[in-house]
Every structure is written in C-alpha cells, then in structure tokens.
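Novice: From the sequence below, what's the structure:
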Amino acid sequence: MIIDKARTCAFTGHRVLKSDYNSAELTRVIKILIGGGFDTFLVGMAVGFDTECFKILEEIRKETPVKIVACIPCENQDYKFSAAQKAEYRRMLSVSDEKIYVSKEYTNTCMFKRNAFMVDSASVLVAYLNNDKGGTYQTVNYAKRQKVKVVLINKIG
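Specialist: Below you'll find the predicted structure:
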C-alpha cells in the first residue's frame, strides 16, 4: 500500500479511557480532518482509544469514503485480550481496508516500531493523552520531534 502522508492521520491514546475522554470531540476532529482532505487513517488496533477511533471511522465511512488502515505491532497482538475484546479485534481486522503488520512475533520493541511507523506515515497525529509516561506520551513526543502536527483530544493537567 502506498500512503500519501499529506492525506494521512494516525491515532495514539491510552487503553483506559477516563472521564476526560470525549467521543464527540474526537468525532468532530476527525470530520474536520476529512473536510481538509484527509482520507487515510492509521489505527494501532489496541483496546481503548484505538478501538474508539476505529468505531467512529466505521460510522463515518458509511457516508464518506475513508480508508481505515489497521497497523498491527505483531501477529498475536490480541493474546492478552479478553474473549470479547478478541472478537471485536478480529471483527475490526475483517472490515479494515488494509492491514500492515510491523512484526511477525511480539518483541520488546514492536509496539514502539508500530507507533513510529504510524507517525512517520502521517502528517497529523490525533492523541488522547492524560499522563506524562508510557507509549502514548512517547509517541506524542516522537511526533513533535518529527514535526508531525499533534492534535490533543484532551490535555494533561
């Protein structure tokens, strides 16, 4: 798959959604991006924020042609998911427009490599960030260093 970085948005966010998460705001931001010419959306396929992004994009895709690209860190990403989470994950994979696997097996770096791939392939990163540690925090900082525009759905503090 050839990705046009100028028309591609990536997502990063926490697995646990707190009271500061706003689905309506996320939907609004995605629709603004689509109105600005974005048509490809990279989703990391984790539980939590990634799942929310995927579901919103599915609803939008019913009326607007957008591509949902599943960016998967390893083939067994769902090994720690609950049965319900696994079922939803597999359903989402089945309806994604493209699937990109970063690694065959789980490694200590496959999640970081997936996040870096998504940032490097996009011109905007939409983030749900509510603390200053972990993978989402590292991904937002990596995007800033790479001069990728970061849109925060919420802000720390």
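
Novice: And the helices in the chain?
Specialist: Using DSSP state H, the helices of the chain run over residues 23-35, 49-61, 83-95, 110-120, 134-145.

Novice: Now render those helices as CSV, adding mean pLDDT.
Specialist: As requested, the helices of the chain are exported to CSV (pLDDT from 0 to 100):
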stretch, mean pLDDT
helix 23-35, 96
helix 49-61, 97
helix 83-95, 97
helix 110-120, 97
helix 134-145, 96
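
Novice: Which one of those lies nearest to residue 101?
Specialist: Among the helices of the chain, the nearest to residue 101 by C-beta to C-beta is helix 110-120 (9.1 Å). Using the backbone N, CA and C atoms, a C-beta is placed for each residue, glycine as well.

Novice: now for the closest one, which elements pack on it?
Specialist: Judged by 3 or more C-beta pairs under 8 Å, 6 or more residues apart in numbering; DSSP states H and E, helix 110-120 is in contact with strand 8-13, strand 67-72, helix 134-145.

Novice: Which of the ones you listed has the highest mean neighbour count?
Specialist: Comparing the helices and strands packed on helix 110-120 by mean neighbour count (mean count of other C-beta atoms under 10 Å), strand 8-13 ranks first with a mean of 27.

Novice: picking up where we left off before, out of the helices and strands packed on helix 110-120, flag the one nearest residue 44.
Specialist: Across those, residue 44 has its closest neighbour in strand 67-72 (5.4 Å, C-beta to C-beta).

Novice: Show me what that closest one is packed against.
Specialist: Using 3+ C-beta pairs under 8 Å, 6+ apart, the elements in contact with strand 67-72 are strand 40-43, helix 49-61, helix 83-95, strand 98-101, helix 110-120.

Novice: Contacts for that strand next, please.
Specialist: Residues from elsewhere that reach strand 67-72 (C-beta atoms under 8 Å, 6 or more residues apart in numbering): 1, 3, 10, 39-45, 54, 57-58, 61, 92-93, 95-102, 114, 117-118.
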